[in-house]
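Participant: Quick check, what structure comes out for this input:
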Amino acid sequence: MNSLHGENLSLNELSLNEDLLRVFSSVFETYGLDIKRYKIAFMKRRLDRRMRILEIEDYLEYAMVLKKERPEFEELFTSLSINVTNFFRDPAVYDKFKLSVMPKILSALGQRDKIKVWSAGCASGEEAYSLAIMFIHAIGRTNNFDLEIIANDINKKAIEYAQIGRYSEKSIDTLPLDIIANHFQKIVDSENNVLYEVVPSTKNLVTFKVGDILSNDSKNVDVIFCRNVLIYYEKEAQELIVTKFYHCLKESSYLVLGMDETMLGRRCEKLFNPIMARERIYQKIAVPDNQKRMLSLI
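Facilitator: Below you'll find the predicted structure:
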């Protein structure tokens, strides 16, 4: 079997490994999933992990398993979700957003407008609930503003976990005591584990959905948080996703990326202005009418 060397192989170089290419083609043709959007090194790690679990050493053999056994495809599909997350990850980003961006969002709203937030690639829900808590603290619970947070992920199990909203003591141990007191209730499960469940008044602000980013149909969004997701996609897929974000956002609204992600060097970098480059906070730029048609084709 050929081996795959390095972390930066492009899709065109997949011809170096016909076995791996057949796995991609097999999954795509059988289930309609375009796995080629993911970076080859990331995808190979996920394939290799599933093969080790099944004690399969040959990509062709695994391709046959994927074609015949849908449960195994679902396991592979689930493994593509990135579940490394925690509440208020990179606190400085949230602090800067709350201090400098939130007032602009609120001042731009009418008295009865709805604030729409999208947590794209939300994993097990910590980011979505962090956003709910941040906005509650900024606008208050008895305000005229209506808040809607949409959170999606391709991992069905992660979404189910997020919907339940119960987290370990370790998951919340870095949160301020007032946030824990106001947004979580301590419970003991059937196995005597101490858990902290998001209270209904906070939980009900978030709608969780199973699905990938490109299939989300949200419109007129005020801010999108998509942190530490793009780094796992090939450049062409990154372009598609960022352009998708552009079309989903209101004029002059905001996109927040992960600390290891940047808009620089992308074909669509002219769509967003890095208003806080260090924190990866971007603002949508108005595009002239004669260029909007071109954007719709991307």
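Participant: So which residues of the protein form strands?
Facilitator: Taking DSSP state E, the strands of the chain run over residues 114-120, 146-153, 166-168, 184-188, 194-198, 206-210, 221-226, 249-257, 272-276, 281-284.
Participant: which of the ones you listed sits most buried?
Facilitator: Between these, strand 221-226 has the highest mean count of neighbours, a mean of 25, where neighbours are mean count of other CB atoms under 10 Å. Every residue, glycine included, has its C-beta placed from N, CA and C.
Participant: How about residues contacting it?
Facilitator: 101, 105, 115-121, 127, 131, 213, 241, 245, 248-250, 253-258 (CB atoms under 8 Å, 6 or more residues apart in numbering).
Participant: Would you tell me which of the strands of the chain gets closest to R70?
Facilitator: strand 206-210 (16.0 Å; CB to CB).
Participant: Contacts for that closest one next, please.
Facilitator: Residues from elsewhere that reach strand 206-210 (CB under 8 Å, 6+ apart): 119, 122, 125, 128-129, 132, 148-156, 159, 162-163, 216.
Participant: before we move on, back to that, relative to R46, which of the strands of the chain is closest?
Facilitator: For the strands of the chain, proximity to R46 was assessed by CB to CB; strand 146-153 is nearest, at 15.3 Å.
Participant: which strands and helices sit next to the closest one?
Facilitator: Counting contacts by 3 or more CB pairs under 8 Å, 6 or more residues apart in numbering; DSSP states H and E, strand 146-153 is packed against strand 114-120, helix 126-139, helix 156-164, strand 206-210.
Participant: I'd guessed R166 sits against E197; true?
Facilitator: Yes. With contacts defined as CB atoms under 8 Å, R166 counts as touching E197 at a distance of 4.6 Å.
Participant: overlap in contacts of the two?
Facilitator: By CB under 8 Å, 6+ apart, R166 and E197 have these common neighbours: I187.
Participant: What ranges in the stretch 51-200 of the chain fall below the confidence cut-off?
Facilitator: Along the stretch 51-200 of the chain, the model assigns pLDDT under 70 to residues 80-84, 110-112, 141-145.
Participant: can you pull out the helices in the stretch 1-150 of the chain?
Facilitator: Here the stretch 1-150 of the chain has its helices, by DSSP state H, counting those that start in this stretch, at 18-31, 40-54, 59-68, 70-79, 91-96, 102-107, 126-139.
Participant: closest to R227 out of these?
Facilitator: helix 126-139 (6.9 Å).
Participant: who touches that closest one?
Facilitator: Counting by CB under 8 Å, 6+ apart, residues outside helix 126-139 touching it are 85-89, 94, 97-98, 102, 106, 115, 117, 119, 122, 145, 147, 149, 151, 162, 165, 167, 171, 179, 183, 198, 202-203, 205-206, 208, 225, 227.
Participant: In it, which residues are buried?
Facilitator: The neighbour-count check on helix 126-139 (16 or more other CB atoms under 10 Å) flags 126-136, 138-139 as buried.
Participant: what would those look like in a markdown table with distance to V23?
Facilitator: Formatted as a markdown table, these follow (distance: CB to CB, whole Å):
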| residue | distance to V23 |
| --- | --- |
| E126 | 32 |
| E127 | 31 |
| A128 | 32 |
| Y129 | 36 |
| S130 | 36 |
| L131 | 36 |
| A132 | 39 |
| I133 | 41 |
| M134 | 41 |
| F135 | 42 |
| I136 | 45 |
| A138 | 47 |
| I139 | 48 |
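Participant: among the helices and strands packed on strand 146-153, which is nearest I285?
Facilitator: For those, the distance to I285 is smallest for strand 114-120, at 18.6 Å, taking CB to CB.
Participant: how much space between the most centrally placed residue in the chain and V229?
Facilitator: Geometric centre of the chain, nearest residue: G121, 1.6 Å, by CA atoms, centre = their mean. For G121, the distance to V229 equals 4 Å [CB to CB, to the nearest Å].
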